[in-house]
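# Here is the input, now give the coordinates:
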Amino acid sequence: MKNSQELRNQLRQIDRKSYPAYKQLKGMYQFEGFVLGIDHVQGDPFAAPSQVSVRVAGAQAGFDGGLYDTPDKRIALEDHLLREFGRRLKDFSFQARGSGKSGLMSVSRPGQEILERTACQINVDSGDIILRLEIGFPANGRTVNSRELEKILFDFLPVCVKKALFYRALDPERVRRTAELAEDQTWLREQLRSQGLVAFVANGAILPRESGVSSRPMKGAIPFRSPKEMEITMQLPHHGEIRGMAIRRGVTMIVGGGYHGKSTLLKALELGVYNHIAGDGREFVVTDETAMKLRAEDGRSVKQVDISLFINNLPNGKDTKKFDTEDASGSTSQAANVVEAMEAGSRVFLIDEDTSATNFMIRDELMQRVVHPDVEPITPFTLRVKELYEKYGISTVLVAGSSGSYFHVSDCVVQMNQYEPVEITALAKKEAEAFPLPLRGADPMEEPDFGRVFRADRRFGADGRVKLKTFGMDGISVNRDNIDLRYVEQLADSEQLTALARLMKYMRMKVFDGKKTLRQAVEAAVEALGQKGWEGICGGGVPGNLATPRPQEIFACVNRWRELE
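Numbers count the residues shown, from 1 in each chain. Next up is the predicted model:
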């Protein structure tokens, strides 16, 4: 390892040389209080910025081990440090000038959810901190401007490090509250199963968001208040007593007029699988960590999925026990999504009528009288939802605004009225008596076949090179195979998609062997990530733009990979 003075000397030696001279700087340098790593140097001032890391020894950082001794607290502290560092960094980005991306200084910018990221990591044994960022190495045209880079590395960066990554420079009360909030949220989520719940929504929670492009809480929004019939009290380890609405296992229906908050509540439940930062408004909105949002997804690829629970006797004679299509309809795509969620181990389904296929969800008596059940291949979800719970323990939370068919099979009905929930189960059941169930029942369900096996393609990455790309929140490309993830709605950050691209490459090359079922393959990938970390998945240097997805999203990504065999 070299020292900072040696780096300064190198910078002055390459000044005004051709831009590739910057590659000589790659390596580790000891600065006062931290180690600077120049991990990857961009080949051109207009290319993706250079990758740089900062390492602070635990003894110097000074954080008490009790702040990161559990995974939830560690991830929360990493998130807190990353936000602090990013706040400091924005004052210096592009203060050094030049062509292209010269002077850019950027780090991951977390949203409202707290995710495990490679941008900031803490070693639980030593307390060492590593923070990864990007810097655009300055140039005049395509000529090295090392005087400007010297300002970045010796003036700007040390200020950010010392103000954001050392305990003595931070507000100790805020740091403590960050760890305690994470512990409270995780504790609350862990209580759901033991208390027979699928979700909890705290009184006073702010569910509406600022706008369609901002996930911050809406100013002036009506605070959530549980119906008395559904209200419970929880005693959190740090926050103390908290009261709110308990959504119990079984079938829960959320109804109400348009714009009264039904989908807003469901969206909060979707993201309740993650912890949230203080001030988000949904800190104590928690959902079973396996919950999956399901919807219709016209045009998606489906590979060998057993959808016979819902669809049989297709006119074209297609096998629905191993259903395969490159262009699924609304009903077949939603049926596949349900079965794939079962395969992924989901204990809770979250469904919004607005994004569902009508013929998959319901089939009323009048339609059955006009179009005889014998010629209808679809067994609607309304005839399966209760059985899914009674036989497999899978609960459903369903938002509906136009069909009352689910009143018959719901265990609880909540009406949203101007963003205030009202428990109306008895009323809904009484009114449903006047509208008998559809004529046709459903045959007893059989467990779907989850024996799907994918195999590796020996041609994939045969030259050792696999090109990966992320398209924001829309999808990823793996070796030019596009995977559409627009409708995997619980992905909260584009860095989760970037991580999925890395995982797909790893699974294609290391896991899919023609023997493992999909369940076994995903379990193997998750286990490898847990044991080896991202170093093992990436096969070398770790980029600073990965956020760990849930196993459920790994399943979803594999299921939408059209080119996988």
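
# Any regions of the protein where pLDDT drops low?
Counting by pLDDT under 70, the ranges of the chain that qualify are 364-376, 438-441, 458, 462-464.

# remind me, longest strand of this structure?
Across the chain, the longest stretch assigned as strand under DSSP state E is strand 240-248.

# what's the burial count for Tyr487?
Residues contacting Tyr487 under the criterion other CB atoms under 10 Å number 19. Where you see a C-beta, it was placed from the backbone N, CA and C, and this is true even at glycine.

# likewise Leu427?
Neighbours of Leu427 (other CB under 10 Å): 13.

# Name the nearest residue to it, sequence neighbours excluded.
Val413 (7.9 Å; CB to CB, 6 or more residues apart in numbering).

# For the one you found, which three-state class applies?
Recorded secondary structure, Val413: strand (DSSP: H, G, I helix; E, B strand; the rest coil).

# I'd say it and Glu423 touch.
Yes: under the criterion of CB atoms under 8 Å, Val413 makes contact with Glu423 at 7.4 Å.

# coming back round to it: the residue nearest to Leu427: neighbouring residues, count only.
Neighbours around Val413, by other CB under 10 Å: 24.

# Go through the longest strand of the chain and flag the buried ones.
Ile242, Arg243, Gly244, Met245, Ala246, Ile247, Arg248 (16 or more other CB atoms under 10 Å).

# For the last one, which residues are in contact?
The neighbours of Arg248, taking CB atoms under 8 Å, 6 or more residues apart in numbering as the test, are Gly196, Leu197, Val198, Asp411, Cys412.

# Now the element after the longest strand of the chain, going C-ward?
strand 251-255 (DSSP states H and E).

# Now Asn3: closest residue in space, sequence neighbours ignored.
Nearest non-adjacent residue to Asn3 (CB to CB, 6+ apart): Gln30, at 5.0 Å.

# Which helix or which strand is home to the one you found?
Using DSSP H and E, the element containing Gln30 is strand 27-31.

# following that strand, which helix or strand comes up?
Downstream of strand 27-31, the next assigned helix or strand under DSSP H and E is strand 34-40.

# contacts for that next one?
1, 4, 7, 25-29, 50-56, 60, 132, 153, 157-158, 161, 165, 541.

# Which ones among those map onto helices?
Ser4, Leu7, Gln60, Leu157, Pro158, Val161 (DSSP state H).

# List the contacts of the last one.
Read it as Val161. Per CB under 8 Å, 6+ apart, neighbours of Val161: Gly33, Phe34, Val54, Val56, Phe85, Leu131.

# Looking at neighbours, which among those residues is most surrounded?
For the contacts of Val161, neighbours tallied by other CB under 10 Å; top is Leu131, 27 neighbours.

# Surely the residue nearest to Asn3 touches Leu7?
No: the pair Gln30 / Leu7 is not scored as a contact, 9.3 Å apart, by CB under 8 Å.

# tell me which residues in the lengthiest helix in the chain are buried?
Identified as the longest helix of the chain according to DSSP H is helix 172-194. By neighbour count with 16+ other CB under 10 Å, helix 172-194 contains the buried residues 175, 177-189, 192.

# which helices and strands does it pack with?
Packing contacts for helix 172-194, counted by 3 or more CB pairs under 8 Å, 6 or more residues apart in numbering; DSSP states H and E, involve helix 71-89, strand 197-202, strand 231-236, strand 275-276, strand 285-287.

# Packed most tightly, which of these would that be?
Neighbour counts (mean count of other CB atoms under 10 Å) averaged over each of those peak at strand 285-287, with a mean of 27.

# and Val453, what are its phi and psi?
phi -130, psi 130 (degrees, to the nearest 10).

# hang on, it packs against Val558?
No: the pair Val453 and Val558 does not pass the contact test of CB under 8 Å, sitting 11.9 Å apart.

# Quickly list what's touching both of the two.
Residues touching both Val453 and Val558 by CB under 8 Å, 6+ apart: Leu518.

# okay, the two: which has more neighbours?
Each of Val453 and Val558 has its neighbours counted (other CB under 10 Å); Val558 has more, 26 against 15.

# What are the phi and psi values at that one?
According to degrees, to the nearest 10, Val558 has phi -60, psi -40.

# so it touches Tyr506, yeah?
No: Val558 lies out of contact with Tyr506 (CB under 8 Å); the separation is 11.8 Å.

# rewinding a little: now which of the contacts of strand 34-40 would you call buried?
By the neighbour-count criterion of 16+ other CB under 10 Å, those include these buried positions: 4, 7, 25, 29, 50-56, 60, 132, 153, 157-158, 161, 165.

# Tell me where the stretch 201-350 of the chain has helices.
Under the criterion DSSP state H, counting those that start in this stretch, helices of the stretch 201-350 of the chain are mapped to 262-270, 330-343.

# which residues touch the shortest one?
What it means is helix 262-270. With CB under 8 Å, 6+ apart, helix 262-270 has contacts from 199, 201, 205, 207-209, 247, 254-256, 282, 285, 287, 291, 293, 350, 352, 354, 397, 399, 401, 416, 419, 421, 489-490.

# List the contacts of Asp484.
By CB under 8 Å, 6+ apart, the contact set of Asp484 is Arg300, Asp474, Gly475, Arg560.

# Kind regards, and thank you for your time.
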